[in-house]
Every structure is written in C-alpha cells, then in structure tokens.
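Participant: need coordinates for the below:
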Amino acid sequence: MAEVSNSSVDLRSGFCKSNSIFYSKRYPVPLPPNQNLNVTTFISSRAHHGKIAFIDAATGRHLTFSELWQAVDSVAECLSDMGIRKGHVILLLSPNSIFFPVVCLAVMSLGAVITTTNPLNTPGEIAKQVGDSKPVLAFTITELVPKLAGSNLPIVLLDNESETKTAPNHQASKIVTTLQEMMRKQPENESRVRDRVNQDDTATLLYSSGTTGASKGVVTSHSNLIAMVQTIVGRFKLEEGNHTFICTVPMFHIYGLATFAFGLLASGSTVVLLSKFDMHEMLSSIAKYKATYLPLVPPILVALINGADQIRPKYDLSSLHSVICGGAPLSKEVIEGFVEKYPTVTILQGYGLTESTGIGASTDSLEESRRYGTAGMLSPSMEAKIVDPDSGEALSVNRTGELWLKGPPIMKGYFSNPEATTSTLDSEGWLRTGDLCYIDEDGFIFVVDRLKELIKYKGYQVPPAELEALLLTHPEVSDVAVIPFPDREVGQYPMAYVVRKAGSALSERGVMDFVAKQVAPYKRVRKVAFVASIPKNQSGKILRKDLIKLATSKL
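Facilitator: Numbering: from 1, shown residues only. Predicted coordinates:
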C-alpha cells in the first residue's frame, strides 16, 4: 500500500473516503533522490545479470551489455562533437533494431530529446511532426531516407556500411555519417564538460493523439522514465534470474520504447528484436533463444489461440513463462482459451498511455487476470480518481466515470500546446485519461468505454478527426463522420459515413482509395456507408455513438 497516513483508506479497494482517491495496493517504487541524474546514467549504473543485451532475430547479430554501453558512449561523444546540446531534438525514424536503444540512450545522456515516428507514416505525416518538434538531426535507414525529403535535416544512417553504398542520391537529403562510423570512435579518457541534466529535464517527445484531435508531442522527463524503469523491473521480479524477452511491438511506440529500450535493459534481461512482426519468426525465436517472456497485443494473442493445434507440434515453446498483453482488456473467452491451449504459460495484462509513460495498471498473476475484463490494479505509487464527466464529482467503488491518474510516470504536458495540456492535466497533476472506468471493491480497474474518440487498430491510435478533415478535402464529399468499427482480428478499424455532394457518383472504393494514398496503412478507412446527413447535437458535435449503434446493429 502506498504511504497514506489516513485511516479512512479501505485496504481492500485502496479507496480513501476523505479525499475520494484510490491508492495503489502495490509496493511503492523507490525513486533516486539525486536530482542531477539522467535516465541513461541511471540504467547503466545498475548491476546486470545478462551477458547479451539485444539480439536481432533475423540476422543473429547481437550486442553484449559492455558493447552496448561502449556504443552509447561513442555515439554520445560524436553527437557532442557535432554540436548536439541539451534541449536539442533528435528524430529517430526506424523499424525495430538493436541500434534503436543505442541512439535513444546516447541522445538522452546529453540532455537532448529523442522523438520517434512510425516508419509506416507518409512523408506528409512525418513532415508535420518535424515541423512541430523541430529536430536538428535525424537517424534513419537508407530505405526511409525518401520520407525525409524536403526536411533539409542532416541524416545519420543506421544501416550497415555495406548497405549504405546503395543509398540513393536524394538531393534534399544530407547524409553526414553512419551509426557504424560513430560507434567506432574511441571515447576520450578525459571526461569532457557537458550540460548538467536534471531528472525534470525532457527526455523524449513521443506523439500521441491524446484524448481528442490531432497528434501532439508528449513531453516525458528523465524522472518519468526512471519511474517507469523501476516499475517494470519490480513488476516482473527480474532481479531473480536471467530472462529473455521477445520484442514483437514497435519501439517507436511507448509500449516498445519504455519496455524494451529502457525498462528491461536495467534488469540485465536479454531482448530478441523482430524488425517487423512475423508469426513464424516470433515462434522460432522463442524456441531458438529459450525466451521466457512474450509481450504482445491482443490480435497476436488471438492468433496464438486459433493456431495452437498447428503451432504446438511445430515449435518448442517450453521455455515460455508468461505472455504480457497490452492495448485492450482481454475477455473471459480469450483468457480461458489461451490457458486451455497453453496451460504452462501465465497470462498478464497491462494498461497505460503515452501520457503516463506506458504505466497505469496491470495484472501480475493469472489469478488477477482471471478477474475477467479488468485492466488490472493500479501500478506502484500511482493514484486514481473516478470522476463524473458531467458534475466533476469524484466517485467511489463500483461507480463509472472518467479515470484520472496521478503519479511519478505522468507526463510534463504536451509540447508547445498549453491549451491541450490544460485540458488534459489539471493544476494538481491529475491526468484525464479519457477512459470511462470503474474500480471494484478489490481495487481492479475496468474500462467500460472511451470518452476520447480514438480508434484502436492493432494498438495503433487513429484519430477520427484527422480522417474527417482529410475526406472533407475530397471535391465530392459535403460531410463525413468516422467511427470505430469492431473487428475480432484488429480490435477496431475506421469506418466512414459520407454525405455526397449533389450529383456525385462517388463509390465506397473511391473513398477508401482517396484516404489510402495519403495516410499510413493502419489509418485506412476499411468500410464506407453513404447517408443523407450526419447526426449532430446542437453545438454541431458529431453524435458518434448514434452512428456506432447504427453500424453495429446488424452484427
């Protein structure tokens, strides 16, 4: 139980009657008192049990812990020589790679800020993020260089040198060096003077759609990341032995970055990286590297259940201890289906947001996961309120309202967006999650619905407002509304209700193709319905719930 001196806290639920706050029932995470500390130094100072830090599943190439930290030091020194200083933003555009953490840790050690973006994003989407975050340097692979055309950013290539020789000559791209070249630099013995980095300084700038609207830069501090590292290490009790994790999720996303690039590194665990998800490669890697933990998202878990009769005879999964699922609470059918097919593997769940550094709630045992539909209990040192969205009243046990979170991992705010920050973080540091939830008498959180209007496609966030704005630029569209359409395999996908202009013969395929040419694949509209008008309230807000009810009434 978190340190609360109030006798009115119910030990079973964690609810305090006097202030209507739910307190975590987990043991609090210890945070370092030294404020002059960056997350890179914090992670590197910990004792490591594992010999190998990262393995590339496809090539077998690996980095030991000593090689990793030597590479981080070399790259940091090169960046310093290039004039990178505290507060400078560095863009990382890359699929999963054993060098992804090297770049992040080197950048953050200088007090510079790392911003990541999805390799599937279009050049236009990436340009928007570049325009907002204003990076001074980019790291990417040869294949993705064209997506930075027009940015005029100096570029460091992550590819091996043999691959960079075939790099196309992009007039707008200024390739200054390769990561391999930077890693060859021998760090000088004399410690050079660098900017002092404090725990409160910004470490990462990850882009999230937040509770509503367009993508915004989430300002995460070194202190936020340190709290996240401590939570992850403590949750899995990783100090108790050597463990190997398979990284199936993208490292540009908070789930992948927080867990695999930072959190597990502090425990001495080995991480096997898949550059992109492939079921065969994932299963082969579990067998080859005797993996103990498999973090994933619900669609992969469902595929493991459905394919179990073919998977189990073909792959040796005997080393697997636990699967950790994030993105959405699992149903009773999915949990029991998995337990039946893989009886020796424990199923764990987690809930978090980019704005909470991926931390929020979790189930830490099969018994807890069998509280069907739960997102878990509050993570260590976290506090929660359940707030009535209309009255603002803080509610008690088993009452539904918006989940508010407070604790060490909560972001500093949105980058250069005080309006969005104020609407999401209150003056006391409470984060409005945008999720309608209740907390039961045992302290378990249940997500009922989303106040926020985000579509969750395979764990990716798709803001309807972005697709609506895009479709309104079509010459034959007079009005449009985009809603989440439920799908067993991907969770949800975008469906568009379109009002055509008079005389238009625009087809469903025409709408889908128009969007597909301009957005990343996960944002594509996959279902279209034409209507005479879009239902809206008196203030002009789209009545999405009416459209969702209409769309799903025939299911």
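Participant: hmm, Val272 is touching Cys247, no?
Facilitator: Yes - using C-beta atoms under 8 Å, Val272 is in contact with Cys247, at 6.6 Å. Every residue, glycine included, has its C-beta placed from N, CA and C.
Participant: what is in contact with the two at once?
Facilitator: Common contacts of Val272 and Cys247, defined by C-beta atoms under 8 Å, 6 or more residues apart in numbering, are absent altogether.
Participant: hang on, Met82 packs against Val156?
Facilitator: No - using C-beta under 8 Å, Met82 is not in contact with Val156, being 9.0 Å away.
Participant: now the helices for the stretch 201-350 of the chain?
Facilitator: Listed in chain order, the helices of the stretch 201-350 of the chain (DSSP state H, counting those that start in this stretch) span 222-236, 254-256, 279-289, 298-306, 308-314, 332-341.
Participant: between those helices, which gets nearest to Gly429?
Facilitator: Across these, Gly429 has its closest neighbour in helix 222-236 (11.8 Å, C-beta to C-beta).
Participant: and that closest one, what does it pack against?
Facilitator: In terms of contacts (3 or more C-beta pairs under 8 Å, 6 or more residues apart in numbering; DSSP states H and E), helix 222-236 is packed against helix 39-44, strand 202-208.
Participant: which SSE is immediately downstream of the first one?
Facilitator: Next in sequence after helix 39-44, counting helices and strands by DSSP states H and E, comes strand 52-56.
Participant: tell me the angle that following strand makes with helix 279-289.
Facilitator: Interaxial angle of strand 52-56 relative to helix 279-289 (axes from the mean of the first three to the mean of the last three C-alpha atoms, to 10 degrees): 150 degrees.
Participant: which residues does strand 52-56 contact?
Facilitator: Strand 52-56 is contacted by residues 61-65, 67-68, 97-98, 101, 265, 270-273, 275, 289 when judged by C-beta under 8 Å, 6+ apart.
Participant: circling back to that earlier point, pick the most buried one from the helices of the stretch 201-350 of the chain.
Facilitator: helix 222-236 (a mean of 25; mean count of other C-beta atoms under 10 Å).
Participant: report the angle between the axes of it and strand 202-208?
Facilitator: Going by the same axes, to 10 degrees, helix 222-236 makes 80 degrees with strand 202-208.
Participant: tell me the mean pLDDT for helix 222-236?
Facilitator: For helix 222-236, the mean pLDDT works out to 91.
Participant: doesn't Thr363 make contact with Tyr351?
Facilitator: No - if you go by C-beta under 8 Å, Tyr351 and Thr363 don't touch, sitting 9.3 Å apart.
Participant: gap between the residue nearest the centre of the chain and Ser8?
Facilitator: Among the residues of the chain, Ile254 comes closest to the average C-alpha position under C-alpha atoms, centre = their mean, at 2.6 Å. Noted for Ile254: a distance of 35 Å to Ser8, by C-beta to C-beta, to the nearest Å.
Participant: by mean pLDDT, point me to the weakest helix or strand of this structure.
Facilitator: Within the chain, no helix or strand scores below helix 161-164, which has a mean of 48 by mean pLDDT, DSSP states H and E.
Participant: show me how far the biggest helix by length in the chain is from its chain's centre.
Facilitator: Longest helix of the chain, by residue count under DSSP state H: helix 65-81. From the chain centre to the centre of helix 65-81 is a distance of 25 Å (C-alpha atoms, centre = their mean, to the nearest Å).
Participant: what's it packed up against?
Facilitator: Judged by 3+ C-beta pairs under 8 Å, 6+ apart, the packing partners of helix 65-81 are helix 39-44, strand 52-56, helix 100-109, helix 179-183.
Participant: what's the closest of the ones you listed to Val499?
Facilitator: Nearest to Val499, of these and by C-beta to C-beta, is helix 100-109 at 43.8 Å.
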